[in-house]
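In: Pasting a predicted model and its sequence here:
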Protein chains: 2
Amino acid sequence: MGPRLAGSPGDRAAVAWGQALLRELGFSKVRAEEVTVTAWERGVETATVVSPYPQKLVVTALGGSVGTPPEGITAPVVEMKTLEALEEAVKADPDAVRGKIVFFSRRMARSGEGPGYGANVPMRSSGAAKAGPHGALAVLVRSIGTSTSRFAHTGSTNYADGGPRIPAAAVSNADADLLERLLARGPVKVKVVLGCRPLPPSTSANVIGEIPGSEKPDEVVVISGHLDSWDLGTGAIDDGAGCAIAIEAARLIAEGVRRPRRTIRVVLYANEESGLAGGKGYAARHAAELPKHAGAFEADSGTGAPLGFSWSAADTLEPALAAVAKLLEPLGAGTLRKGGAGGADVSPMAPAGVPLFGLRQETGRYFDFHHTADDTFDKIESPSLDRAAASVAALAFAVADLPGIHALPSSESR
Amino acid sequence: MGPRLAGSPGDRAAVAWGQALLRELGFSKVRAEEVTVTAWERGVETATVVSPYPQKLVVTALGGSVGTPPEGITAPVVEMKTLEALEEAVKADPDAVRGKIVFFSRRMARSGEGPGYGANVPMRSSGAAKAGPHGALAVLVRSIGTSTSRFAHTGSTNYADGGPRIPAAAVSNADADLLERLLARGPVKVKVVLGCRPLPPSTSANVIGEIPGSEKPDEVVVISGHLDSWDLGTGAIDDGAGCAIAIEAARLIAEGVRRPRRTIRVVLYANEESGLAGGKGYAARHAAELPKHAGAFEADSGTGAPLGFSWSAADTLEPALAAVAKLLEPLGAGTLRKGGAGGADVSPMAPAGVPLFGLRQETGRYFDFHHTADDTFDKIESPSLDRAAASVAALAFAVADLPGIHALPSSESR
């Protein structure tokens, strides 16, 4: 059904598709639990260097951004490496960014598991909120991505309540390189035209299906991905791949010689990308049931080969996990890392002590495609995805079959 | 100066820049020899799958194409693998493509030196001309390129004199894959909107500078690239790289301990991409001088490492070339291949028997970027480019310094 921006027709089609698929696979209690989601629409998006010479730039509006006036915003560009650099600049000169377009230029590092990503997200999510109050007219953020190609990487941006709302766009890495080179030589003026606009809140849904537990059907292990996507590509790796891992892992468990003791609950979350309404809605709606959640897992790292698991739970769970890890060594997924587990959508369950699990995957190319028009089906690596699903099936089965629930003490939960 | 579509402001800026640079480097007789070029303007370009479900496609108009009506063309898609498949289909059913959008789907093979390219060019250059007379409404051509990313590769298309002129666009490989998958399942309807249009002929120029020969200044060796580019990227690899190789090779020769006997003439051709007006214009204007051309070389294969040379000249040249090749072995450029030499711009000199030379380069990634928005400066590989320039300098010096001219007999020229 193509791209699935929260609340869009594609998103609604995906909710219907998800329910139909889970029913076809024979899961129980298949349903859509409605949530209210933020909605936003992309429009025209162009940017051009006006001086020192005309040159198109590849940009894409950040999700949630307001648009520019129809004639665009034309202004000098001022480069800031980071939010901290902005803070220092306006401390030294309160007019440092007034009347200008702020260009956040720090580059994301490529690495096996992509830790460079988190370090750059604040510029995308808060750059406009931080620059607006100092009189900046708009914000351009170097794409948070590892590719040097001319794709701009979108992602959500937020404004402070009551603060000025200035337009914000990502610029492709190749064009960010060009801007840096031009700025090193002298003044640069850019014109940005963004037709995007926030829309009234809309409705979407978490899609849910279950394999009832054989002994403790009221206790639950969640395995999940998110159904929504950005609108530029088709969301094949983010998070079509995660949904596929969760659904296929559940299917493998359902197909097994016996069912685990607890219920396996597949959740395909709504609205991960721009507000987390699905994850928050699930935790709120199921609050009374969370003490009976033996674990929650989300796959949201693309299509790369599985390396192992991260986990956040009581230490008493460790021996059981070590036994699963041992089983997964032939798949290359035998490593365990304690702490920091859980995808965005399952994180709202952490305060209730729900044990969280994350699949560590190779993400060498993930951030080449992430949040771009290039996130399309041809990027899916089927063999890796199969191994990822098998790994999750093994972990989920084990956790669903243990005698007790190894809840994370609330003192340790995030 | 950014992109340099023939006759555009960027192209004119490049003609001025080229002359200034050649003067700055101390070359003689720096001049711009005017030629009349075709001109064309790109406009809006969008395509969307209308059914079975809405999905944006990444397309780009082919150079020279007419546009669609403002409301676009919405029609069923019919897939043809090749021009030959089209011919067979309309032989079997004269209405096979009537009222439809023809999608040429054959994929270009990736290979070390990119021979897959030439095999697919006819679909781009003649697809619209061949499908139009059978009632097709528009043509989509799978991008001639090796990347799986969502860049559409442009390139020129031609219409038959007096024949119908239907719009033609390239579709990215990722989107071509999608179309194939959808077509395998059932009918597909697509809407294409192209705002492009041919413009009245314009003026550009071949930029020329020389290093006068020490003994035979009226005899000439041409080393060249082309100054124009497509408009989507900045033409860094096509053919900024080739211009850099030609200029740097000449600079190296000028810097040497002694000048070669013949004149080295750097030519930065106009309008290679859409009509070859520069190459044809040079051959016409210098027709009387061609018998005194000891060789002509064009670099137009990007930024990859040099592998050696191709050559088309009298067999008597072979020993001298073998000696140069031997010298170039340490640079990895020691191979020689007889026949098929000469870039597009120097090919109009072949009928006059001018010996032609081509630099064979690694082109493994060249067709990932070729004719796309992703042909930008960051794709330049400086070390390879340096080696390419040094190789061309050695070859050009040797040819310019030989006792005689080893003209290709006209019976062997193309």
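Out: Received, thanks.
In: Show me chain A divided up by domain.
Out: A:9-40+A:200-401, A:44-195 (automatic domain parsing).
In: Just send the ones you listed back as TSV, with mean pLDDT and mean neighbour count too.
Out: For the C-beta atoms, the positions are set from N, CA and C on the backbone; glycine is no exception. Listed next are the domains of chain A as TSV, based on pLDDT from 0 to 100; neighbours: other CB atoms under 10 Å in any protein chain shown:
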stretch	mean pLDDT	mean neighbour count
domain A:9-40+A:200-401	96	21
domain A:44-195	94	20
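In: In a markdown table: the ones you listed, plus distance to B:S156.
Out: Formatted as a markdown table, the domains of chain A follow (distance: least, CB to CB, whole Å):
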| stretch | distance to B:S156 |
| --- | --- |
| domain A:9-40+A:200-401 | 25 |
| domain A:44-195 | 21 |
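In: Let me see the backbone angles for the nearest residue to A:K280 once chain neighbours are set aside.
Out: Excluding its sequence neighbours, the residue lying closest to A:K280 (CB to CB, 6 or more residues apart in numbering or on different chains) is A:P348, at 5.0 Å. With angles defined as degrees, to the nearest 10, A:P348 shows backbone torsions of phi -60, psi -10.
In: ok, which residues in the stretch 251-400 of chain A are in contact with chain B?
Out: Residues of the stretch 251-400 of chain A found near chain B (CB under 8 Å from any CB of the partner chain) are A:A373, A:D374, A:T376, A:F377, A:D378, A:K379.
In: pretty sure the residue nearest to A:K280 is touching A:Y282, no?
Out: Yes: with contact defined as CB atoms under 8 Å, A:P348 and A:Y282 form a contacting pair (7.3 Å).
In: among the domains of chain A, which is nearest B:H134?
Out: Relative to B:H134, the nearest member of those by CB to CB is domain A:9-40+A:200-401, separated by 30.9 Å.
In: Now do the same contact list for A:A170.
Out: Residues in contact with A:A170, defined by CB atoms under 8 Å, 6 or more residues apart in numbering or on different chains, are A:59-60, A:62, A:124, A:140-144, A:152-155.
In: quick one: contacts for A:G334?
Out: Under the criterion of CB under 8 Å, 6+ apart, the contact list for A:G334 reads A:G308, A:A325, A:K326, A:L328.
In: before we move on, what about A:R165?
Out: A:R165 makes contact with A:V66, A:A128, A:G132, A:Y159 under the criterion CB under 8 Å, 6+ apart.
In: Nearest to chain B among those residues?
Out: Nearest to chain B among those: A:V66, at 22.9 Å, using CB to the nearest CB.
In: Pull up the gap between A:G116 and A:R181, please.
Out: According to CB to CB, to the nearest Å, A:G116 stands 22 Å off from A:R181.
In: So A:G308 is in contact with A:K326, correct?
Out: No: using CB under 8 Å, A:G308 makes no contact with A:K326, being 11.1 Å away.
In: Spatially nearest residue to A:L290, not counting backbone neighbours?
Out: Distances taken as CB to CB, 6+ apart put A:A352 closest to A:L290, at 3.9 Å, once the chain neighbours are dropped.
In: Same question for A:G7.
Out: Excluding its sequence neighbours, the residue lying closest to A:G7 (CB to CB, 6+ apart) is A:S202, at 3.0 Å.
In: and the one you found, that one's in a helix?
Out: No: with the criterion set as DSSP: H, G, I helix; E, B strand; the rest coil, the secondary structure at A:S202 is strand rather than a helix.
In: Name all residues that make contact with it.
Out: Listed by CB under 8 Å, 6+ apart, the contact set of A:S202 reads A:A6, A:G7, A:T36, A:V37, A:T38, A:A39.
In: counting contacts, what elements does the longest helix along chain A pack onto?
Out: Looking across chain A with DSSP state H, the single longest helix is helix A:382-401. Contact partners of helix A:382-401 among helices and strands, from 3 or more CB pairs under 8 Å, 6 or more residues apart in numbering or on different chains; DSSP states H and E: strand A:216-226, helix A:241-255, strand A:262-269, strand A:293-298, strand A:306-312, helix A:318-328, strand A:356-361.
In: What are the contacting residues of the longest one?
Out: The one in question is helix A:241-255. Contacts of helix A:241-255 (CB under 8 Å, 6+ apart): A:18, A:21-22, A:25-27, A:209, A:211, A:223-227, A:259-260, A:264, A:266-268, A:297-303, A:343, A:359, A:380, A:385-386, A:388-390, A:392-393, A:396-397, A:400.
In: and what of stretch A:279-294?
Out: When contacts are taken as CB under 8 Å, 6+ apart, the neighbours of stretch A:279-294 outside the stretch itself are A:33, A:35, A:206, A:218-222, A:262, A:267, A:269-270, A:272, A:344-349, A:352-355, A:399-400, A:402, A:405-407.
In: Quick one: end-to-end length of it, please.
Out: Counting by CA to CA, to the nearest Å, you get 17 Å between the two ends of stretch A:279-294.
In: quick one, what contacts A:D218?
Out: A:T263, A:E289, A:K292.
In: for these, which one is nearest chain B?
Out: Ranking the contacts of A:D218 by separation from chain B, with CB to the nearest CB as the measure, puts A:T263 on top at 33.2 Å.
In: and that closest one, what are its bridge partners?
Out: In this structure, A:T263 bridges to A:V220 when assessed by DSSP bridges.
In: cool, and the one 4 residues further on?
Out: With DSSP bridges applied, the residues forming beta bridges to A:V267 are A:I208, A:S224.
In: Against chain B, how distant is A:P260?
Out: Summarising the geometry, the distance separating A:P260 from chain B, computed by CB to the nearest CB, to the nearest Å, is 36 Å.
In: likewise A:L359?
Out: As it turns out, when the distance is counted by CB to the nearest CB, A:L359 lies 25 Å from chain B.
In: wait, doesn't that residue sit right on A:S301?
Out: Yes: contact status for A:L359 versus A:S301: in contact at 6.9 Å, counting by CB under 8 Å.
In: Same list (the residues of the stretch 251-400 of chain A next to chain B) but as TSV, adding secondary structure.
Out: Output for those, formatted as TSV (three-state DSSP):
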residue	secondary structure
A:A373	coil
A:D374	coil
A:T376	coil
A:F377	helix
A:D378	helix
A:K379	helix
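In: Take the residues you listed and lay them out in a markdown table including distance to A:R12.
Out: Conversion of these to a markdown table gives the following (distance: CB to CB, whole Å):
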| residue | distance to A:R12 |
| --- | --- |
| A:A373 | 22 |
| A:D374 | 25 |
| A:T376 | 21 |
| A:F377 | 20 |
| A:D378 | 25 |
| A:K379 | 25 |
